[in-house]
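J.: using only what follows, build the 3D model:
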Amino acid sequence: IYMKFKHSATAKKKATQTKDHVKSVLAGLSNFKLSADLESELPKASVSRIQELLLAGRVTCEDLVKFFTRLTGERCVELNAVVDFLYEEAIQMAKERDQTLAKLKKEKKDLPPLFGIPISIKDVLEYKGHDTSMGSATCCFDPCDEHGLVVMQLLEAGAVPFVKSNCPQLLLINETNNWMWGRAKNPWDTERTTGGSSGGEGALVAMGCSPVGIGSDGGGSVRIPANYCGTVGIRP
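T.: Here you go, the predicted model:
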């Protein structure tokens, strides 16, 4: 009984802390808007199209982080698809990417494959300074000392991780549900599941809140959410 109470108390504390942070971030973005055509195009845009917009100067890397963070708040928080916003780090990274972009354009060099693209990452991937909770209270309040290998590879490719997505506790079932973050709801019918274990990613990509989402798949954990949410999934 004591262990269950402790687990529940930790889960509640972590969830409350995250919700407060999300509210603060979204409050700061409440008045952020791009042009009407960009607001319409970006949720459906491919990586190559977003990079075309960057090179044309129609949007900045900082704009992209703000836009997709705000969109995630509007469309996916209530779906329980997101467990952490990496906003402060993502904005700083985006500003650095914008400086690099100016140099690359001046030197007429090609962009790295994911340069400037905001990317959501499943909450099994280690991001420096943030928990890797995997839906379990026992993994909370223990921020990672360093980025994991997958995150390092994304950063080398120029990507900008901006949110972490929901998954079942310790990834052990093929839906996305846990006591801490709740059940990820299918964006097309909230009474149904997103599948799992990369279900948060399925919802984020399906709703246009993330151009690319990184999950993991041992027995269908990317493929099932892709099928249930109507997206394309590639098994790592």
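
J.: burial count for the nearest residue to Pro43 once chain neighbours are set aside?
T.: Ranked by C-beta to C-beta, 6 or more residues apart in numbering and with sequence neighbours excluded, the top spatial neighbour of Pro43 is Gly208, at 2.8 Å. The C-beta positions use only the backbone N, C-alpha and C, and glycine is treated the same way. Residues lying near Gly208 (other C-beta atoms under 10 Å) number 17.

J.: ok, Gly208 touching Leu71?
T.: Yes. Using C-beta atoms under 8 Å, Gly208 is in contact with Leu71, at 6.9 Å.

J.: ok, back up a step: measure the residue nearest to Pro43 to Gly195 for me?
T.: Gly208 sits 18 Å away from Gly195, taking C-beta to C-beta, to the nearest Å as the criterion.

J.: what strand or helix carries the residue nearest to Pro43?
T.: Assigned by DSSP states H and E, Gly208 belongs to no helix or strand.

J.: what element comes up after the lengthiest helix in the chain heading to the C-terminus?
T.: Among the segments of the chain that qualify as a helix by DSSP state H, the longest is helix 2-28. With elements assigned by DSSP H and E, the helix or strand that comes after helix 2-28 is helix 36-41.

J.: what comes into contact with that following helix?
T.: Taking C-beta atoms under 8 Å, 6 or more residues apart in numbering as the criterion, the residues outside helix 36-41 that touch it are Lys33, Arg49, Leu53, Arg58, Val59, Phe67.
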